[in-house]
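Undergrad: Got a sequence here, can you build the structure:
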Amino acid sequence: MEGKSYPDELAHLSWLIGAWVGVGTGHYPTIEDFRFGQEVAFATDGRPFLSYISRSWLLDEDGERVRPLATETGFWRPRPDNGVEVTLAHPTGYAETWGGRVEVTGLVNAEITGAKLELRTDGVLATPSAKEYLEGQRLYGLVNGKLLWTFDMAAVGQDMSNHLAASLSRVEVA
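TA: Sure, this is the predicted structure:
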């Protein structure tokens, strides 16, 4: 990210700021494997938090969009000692709180070039009509300029196991 345009409190999260696009894979013991496309945006309006939105869609064998999949939106709040608190809401009837910590793995000219962020759910609230989802773990990493992430969950009677993983590239937004 060129030129500092965020509050000091966001320094350890600055590597996330921007728009990201890419492809991932999904699987779980209760569903068929699939490929998905994803758009993610992290932004700041100058206050000490990041706004976040993620949209994904099912891809066919040719990489074409078939239909929308998941959408989530929320806020990422910095905490002392490279900590982070995250709140997320989903149209499928969930609201989650997450906590974790950033580990900076690369720094060049005061810009983060490598990082790892591990998150774990602190709480999951669900509407009566939502499918069972008990807890989750996420891992985000900045590796060679790409945003890599993975999501493990315990849901619908299954123990914690991997559900999603993706590789996203930073894109310029007009």
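
Undergrad: Strands of this structure, residue ranges please.
TA: 18-28, 31-43, 50-59, 65-79, 83-90, 94-108, 111-126, 133-143, 146-155, 161-171 (DSSP state E).

Undergrad: Outside of stretch 89-97 itself, list whatever touches it.
TA: Stretch 89-97 has contacts (CB atoms under 8 Å, 6 or more residues apart in numbering) with 70-74, 85-88, 121-127, 129-131, 133, 136. Where C-beta positions appear, they are placed from N, C-alpha and C, glycine not excepted.

Undergrad: if you set the cut-off to 7 Å instead, what comes out?
TA: 71-74, 85, 87-88, 121-127, 129-130, 133 (CB atoms under 7 Å, 6 or more residues apart in numbering).

Undergrad: And the residues you listed, which of them are buried?
TA: Buried by 16 or more other CB atoms under 10 Å: 72, 74, 85, 87-88, 121, 124, 126, 133, out of these.

Undergrad: So, low pLDDT: which residues of this structure?
TA: 1-4, 174 (pLDDT under 70).

Undergrad: Next, give phi and psi for the residue of it positioned farthest from its centre.
TA: Each residue of the chain has a distance to the centre, and by CA atoms, centre = their mean the biggest one is for Asn109: 25.9 Å. With angles defined as degrees, to the nearest 10, Asn109 sits at phi 50, psi 50.

Undergrad: Please name the residues that touch it.
TA: Per CB under 7 Å, 6+ apart, neighbours of Asn109: none.

Undergrad: Next, format the strands of the chain as CSV and append distance to Leu10.
TA: What follows is these, written out as CSV (distance: least, CB to CB, whole Å):
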stretch, distance to Leu10
strand 18-28, 13
strand 31-43, 10
strand 50-59, 7
strand 65-79, 6
strand 83-90, 10
strand 94-108, 11
strand 111-126, 11
strand 133-143, 15
strand 146-155, 16
strand 161-171, 17
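
Undergrad: closest one to His12 among those?
TA: Evaluated with CB to CB, the strands of the chain place strand 94-108 nearest to His12, the distance being 4.6 Å.

Undergrad: Counting neighbours, which bits of that closest one end up buried?
TA: Going by neighbour count (16+ other CB under 10 Å), the buried part of strand 94-108 is 94, 96, 98-100, 102, 104.

Undergrad: got the angle between that strand and strand 133-143?
TA: Counting by axes from the mean of the first three to the mean of the last three CA atoms, to 10 degrees, strand 94-108 lies at 20 degrees to strand 133-143.
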